[in-house]
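Novice: Below are the sequence and a predicted model; questions follow.
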Amino acid sequence: MEVDISKSAKLTREQKEAVGLLSIGTFLEYFDLMLYVHMAVLLNELFFPKTDPFTASLISAFAFCSVFIFRPFGALIFGYIGDKIGRRHTVIITTLLMSCACLTMSMLPTYAEIGIAASVSFFICRIAQGMSSMGEIIGAELYLTEMIKKPLRYPVVSLIAVASSVGEMVALGVASLVTLSFFNWRAAFVLGAVIALVGAIARIRLRETPEFVNAKKRLLSIKSQTTENLEELTLAARETVKKSTALAVFLVNCAWAPCLYYTYIYCAEVLKNSFNYSPHDIILQNFFVALAQLITWSVLAYLSKTIYPLKIMKIRIAIFYPLVLFIPYLLHNASDGYHVFFIQLFIVIFGVGITPAAPIFFKNIPVFQRFTCYAFMYALSRALIYVITSFGTVYLTKWYGYQGILFIILPIGVGLVWAVNHFERMEIDSGSHPYKKNHESAQPAVV
């Protein structure tokens, strides 16, 4: 069994270097990915035809979803690379792909110049960005999960989520400058391409994770010692993932998707249509919301040094889902943009994501299936939930007003509760839970 989370530990020099390189790379990657998301109020007008408000909402939803709907394919591709070749190669390849997509975006002609071809080219670039970001954050979190032992594993892996939040906040800052005409939007994507390239070059210094290397050595040892017992070799290389565990991974990753959408995309539509906010005003308000998100995730990372991550998630679930019932009422009675701002703050502060519990989910998946299984379930959850949330919200709010939001958020909450309890049961059965032990049938932890 690994050390208890209450004990102290220090990172080695190599581990510190890995944390720095992966955090910087994730920051750069998410800066590139979120740059469009937060400039959508500006860029959608450049790459799509002008239509009535309802059709514009559908186009906006499709543009937003384009980055996620092909992510499962990216998960299978980069998951295969990560599980067969190594974690290190994956994070380098995905960063290079993001750089190429950003550079292409910076050179795209607008709809006014080439018509519908601009929209199609735009979607292709967004798809490439989405697929590359898929391998990026999962690869970085998995790399650190396998490299660092408890008690530091939880806060250190959480730094990747913090880095992605920093990237999102900086993207909002650049987007704000673009809307003020201080910075050309094409130059913003060129900047994104350059910094992604720098991140890819820096990551060449990374070494493969010891856990993955040791697992490969075990396979080679089995193969060299026995040429007849192929069954033993097959079992070692192809441990199966339980369907219930795969479903639990899917459900825990569904939770944050609607939080992000309603905070930054839907509330932006409310501010624009109900309170006549300009693109600059929307982006500036979202910048301060992103700052609150960054602070929240940093606090969660710090707390995970002493508080078990699944306990943190259960507390946040108990706070968020009862109070979310009041959001439709608050939106309906909002009289200015500040009221919407406080709703956004509530969602990013109390909305439940996988931070800081990601290492627990990783470690309960067999090592040679870990990257592919987790990445695919993560990607599938994002693709499905963002499609349901973006398109569903357009129609549900048309039919039921703001109450339509609850038709999406509450079922996801039910699934999240089941998934967290599933992983808690696995932790107890393996003897890895720091507060609860299964003395009757403790089994070896999955590593």
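Specialist: Cool, got the structure.
Novice: can we go C-alpha only for contacts and neighbour counts from here?
Specialist: Noted.
Novice: Provide a list of residues in contact with the residue nearest the centre of the chain.
Specialist: Centre of the chain computed as the mean C-alpha position; nearest residue by Cα atoms, centre = their mean is residue 137, 6.7 Å away. Contact analysis of residue 137 by Cα atoms under 8 Å, 6 or more residues apart in numbering lists 26, 160.
Novice: May I ask which helix or strand encompasses it?
Specialist: Assigned by DSSP states H and E, residue 137 falls within helix 116-147.
Novice: following that helix, which helix or strand comes up?
Specialist: Criterion used, DSSP H and E; the element after helix 116-147 is helix 153-179.
Novice: Go through the helix or strand immediately after that next one in the chain and flag the buried ones.
Specialist: The element immediately downstream of helix 153-179 (helix or strand, assigned by DSSP H and E) is helix 185-202. Across helix 185-202, burial judged by 16 or more other Cα atoms under 10 Å covers 185-186, 188-193, 195-200.
Novice: now stretch 18-28
Specialist: Buried residues in stretch 18-28, counted by 16+ other Cα under 10 Å: 18, 19, 21, 22, 23, 24, 25, 26, 27, 28.
Novice: I'd like those residues written out as a markdown table, with pLDDT added.
Specialist: Output for those, formatted as a markdown table (pLDDT from 0 to 100):
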| residue | pLDDT |
| --- | --- |
| 18 | 80 |
| 19 | 84 |
| 21 | 76 |
| 22 | 79 |
| 23 | 83 |
| 24 | 77 |
| 25 | 72 |
| 26 | 78 |
| 27 | 81 |
| 28 | 72 |
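Novice: Give me the pLDDT value at the spatially closest residue to residue 303 that is not a sequence neighbour.
Specialist: Among residues not flanking residue 303 along the chain, residue 155 sits closest, at 7.8 Å (Cα to Cα, 6 or more residues apart in numbering). pLDDT, residue 155: 93.
Novice: now swap in residue 224 and tell me
Specialist: Looking at residue 224, its pLDDT is 56.
Novice: helices or strands next to the strand or helix carrying residue 15 in the packing?
Specialist: Secondary structure assigned from DSSP H and E places residue 15 in helix 13-47. Applying 3 or more Cα pairs under 8 Å, 6 or more residues apart in numbering; DSSP states H and E, we find helix 13-47 packed against helix 53-65, helix 87-107, helix 111-114, helix 116-147, helix 153-179, helix 185-202, helix 279-303.
Novice: Apply 7 Å and report the result again.
Specialist: If contacts are counted by 3 or more Cα pairs under 7 Å, 6 or more residues apart in numbering; DSSP states H and E, helix 13-47 sits against helix 87-107, helix 116-147, helix 153-179, helix 185-202, helix 279-303.
Novice: looking at the ones you listed, which is buried most?
Specialist: helix 153-179 (a mean of 25; mean count of other Cα atoms under 10 Å).
Novice: Next, the angle from it to helix 185-202.
Specialist: Relative orientation of helix 153-179 and helix 185-202, computed by axes from the mean of the first three to the mean of the last three Cα atoms, to 10 degrees: 150 degrees.
Novice: quick check, distance from helix 153-179 to the centre of its chain.
Specialist: Relative to its chain's centre, helix 153-179 lies at 11 Å (Cα atoms, centre = their mean, to the nearest Å).
Novice: where does the closest residue to residue 93 other than its chain neighbours land on pLDDT?
Specialist: Excluding the flanking residues, the one nearest residue 93 by Cα to Cα, 6+ apart is residue 200, at 7.6 Å. Predicted confidence (pLDDT) for residue 200: 72.
Novice: wait, what's in contact with residue 200?
Specialist: Neighbouring residues of residue 200 by Cα atoms under 7 Å, 6 or more residues apart in numbering: 92, 95, 96.
Novice: contacting residues for the last one?
Specialist: With contacts defined as Cα under 7 Å, 6+ apart, residue 96 is in contact with 196, 197, 200.
Novice: now do residue 375
Specialist: By Cα under 7 Å, 6+ apart, the residues touching residue 375 are 75, 79, 138.
Novice: residues in contact with the helix or strand harbouring the second one?
Specialist: Secondary structure here is read from DSSP H and E; on that basis residue 79 sits in helix 71-84. Contacting residues not belonging to helix 71-84 are listed as 90, 130-132, 134-135, 368-369, 371-372, 375-376, 379-380, 383 [Cα under 7 Å, 6+ apart].
Novice: re earlier: do you know how far the residue nearest to the centre of the chain is from residue 160?
Specialist: 7 Å (Cα to Cα, to the nearest Å).
Novice: shared neighbours of these two, which are they?
Specialist: Joint contacts of residue 137 and residue 160 (Cα under 7 Å, 6+ apart) are residue 26.
Novice: Next secondary structure after the helix or strand of the chain with the lowest mean pLDDT?
Specialist: When the helices and strands of the chain are scored by mean pLDDT, DSSP states H and E, helix 230-237 comes last with a mean of 48. Toward the C-terminus, helix 230-237 is succeeded by helix 243-254 as the next helix or strand (DSSP H and E).
Novice: Go ahead and measure how far that next one is from the middle of the chain.
Specialist: The chain centroid and the centroid of helix 243-254 are separated by 15 Å, computed with Cα atoms, centre = their mean.
Novice: what's the angle between the helix holding residue 137 and helix 153-179?
Specialist: Our comparison of helix 116-147 with helix 153-179, counting by the same axes, to 10 degrees, yields an angle of 160 degrees.
Novice: that older thread, distance to residue 52 added to the buried residues of stretch 18-28, as a markdown table?
Specialist: Listed next are those as a markdown table, based on distance: Cα to Cα, whole Å:
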| residue | distance to residue 52 |
| --- | --- |
| 18 | 49 |
| 19 | 48 |
| 21 | 46 |
| 22 | 44 |
| 23 | 42 |
| 24 | 41 |
| 25 | 40 |
| 26 | 38 |
| 27 | 36 |
| 28 | 36 |
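Novice: Tell me which of the helices and strands packed on helix 13-47 lies nearest to residue 67.
Specialist: In terms of Cα to Cα, the element of the helices and strands packed on helix 13-47 nearest to residue 67 is helix 116-147, at 4.4 Å.
Novice: Residue 267: which of the contacts of residue 200 is nearest?
Specialist: Closest to residue 267 out of those is residue 95 (30.3 Å), distances taken as Cα to Cα.
Novice: how about low-confidence regions in the stretch 1-150 of the chain?
Specialist: 1-9, 29, 36, 38, 40-41, 53, 57, 66, 87, 133-136 (pLDDT under 70).
Novice: how does it look with 50?
Specialist: By pLDDT under 50, the low-scoring segments of the stretch 1-150 of the chain are 1-8.
Novice: Ignoring the adjacent residues along the chain, who's closest to residue 355?
Specialist: Spatial nearest neighbour of residue 355, chain neighbours left out: residue 158 (6.0 Å); criterion: Cα to Cα, 6+ apart.
Novice: tell me the contacts of that neighbour?
Specialist: 301, 355, 356 are the contacts of residue 158 under Cα under 7 Å, 6+ apart.
Novice: can you do 8 Å?
Specialist: By Cα under 8 Å, 6+ apart, residue 158 lies in contact with 141, 297, 298, 300, 301, 355, 356, 358.
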